[in-house]
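Enquirer: sequence-free structure coming up:
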């Protein structure tokens with residue numbers, strides 16, 4: 001299973017996402033990440049309440 005950090009702050013409700021997979025059928029490819037919006041020239045950008053999380057798997 002792949003588990004990211006807990007979502008901090010009130011809107012995130014302390015939630016956590018999990019990818020649960022059958023390791024006899026697939027393997028993580030190594031590509032795992034969260035989507036963070038870049039800052040702009042005006043300053044920090046408002047972020048997602050629950051950061052989108054992505055993972056890639058390969059079937060061998």
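Expert: Happy to help now that I have it. For clarity, every value in this text was computed on a predicted model and none was experimentally measured.
Enquirer: when you work out contacts or count neighbours from here on, use the C-alpha atoms and nothing else.
Expert: Fine.
Enquirer: where does residue 11 land in three-state SS?
Expert: Classification of residue 11 into helix, strand or coil gives coil, according to DSSP: H, G, I helix; E, B strand; the rest coil.
Enquirer: and for it, the neighbour number?
Expert: Around residue 11 sit 11 other residues, with neighbours defined as other Cα atoms under 10 Å.
Enquirer: setting aside sequence neighbours, what's the nearest residue to it?
Expert: Closest residue to residue 11 apart from its sequence neighbours, by Cα to Cα, 6 or more residues apart in numbering: residue 49 at 5.4 Å.
Enquirer: hang on, that neighbour packs against residue 6?
Expert: No: under the contact definition of Cα atoms under 8 Å, residue 49 does not touch residue 6, with a separation of 11.9 Å.
Enquirer: can you give me the strands for the protein?
Expert: For the chain, applying DSSP state E gives strands covering 26-34, 53-59.
Enquirer: in terms of secondary structure, what does the first one contact?
Expert: If contacts are counted by 3 or more Cα pairs under 8 Å, 6 or more residues apart in numbering; DSSP states H and E, strand 26-34 sits against strand 53-59.
Enquirer: give me the buried positions along the strand it packs on.
Expert: Taking 16 or more other Cα atoms under 10 Å as the basis for neighbour counts, the residues of strand 53-59 that come out buried are residue 53.
Enquirer: strands paired with it, and their directions?
Expert: The pairing partners recorded for strand 53-59 under DSSP bridges are strand 26-34 (antiparallel).
Enquirer: ok so, going back, can you check the pLDDT for the residue nearest to residue 11?
Expert: Predicted confidence (pLDDT) at residue 49: the value is 76.
Enquirer: where does the prediction get shaky in this structure?
Expert: Low-confidence segments of the chain (pLDDT under 70): 8-9, 12.
Enquirer: buried residues, stretch 43-56. List them.
Expert: Using 16+ other Cα under 10 Å as the test for burial, stretch 43-56 gives 50-51, 53.
Enquirer: go through those and name the one nearest residue 21.
Expert: Proximity of the buried residues of stretch 43-56 to residue 21, judged by Cα to Cα, is greatest for residue 53, which lies at 15.4 Å.
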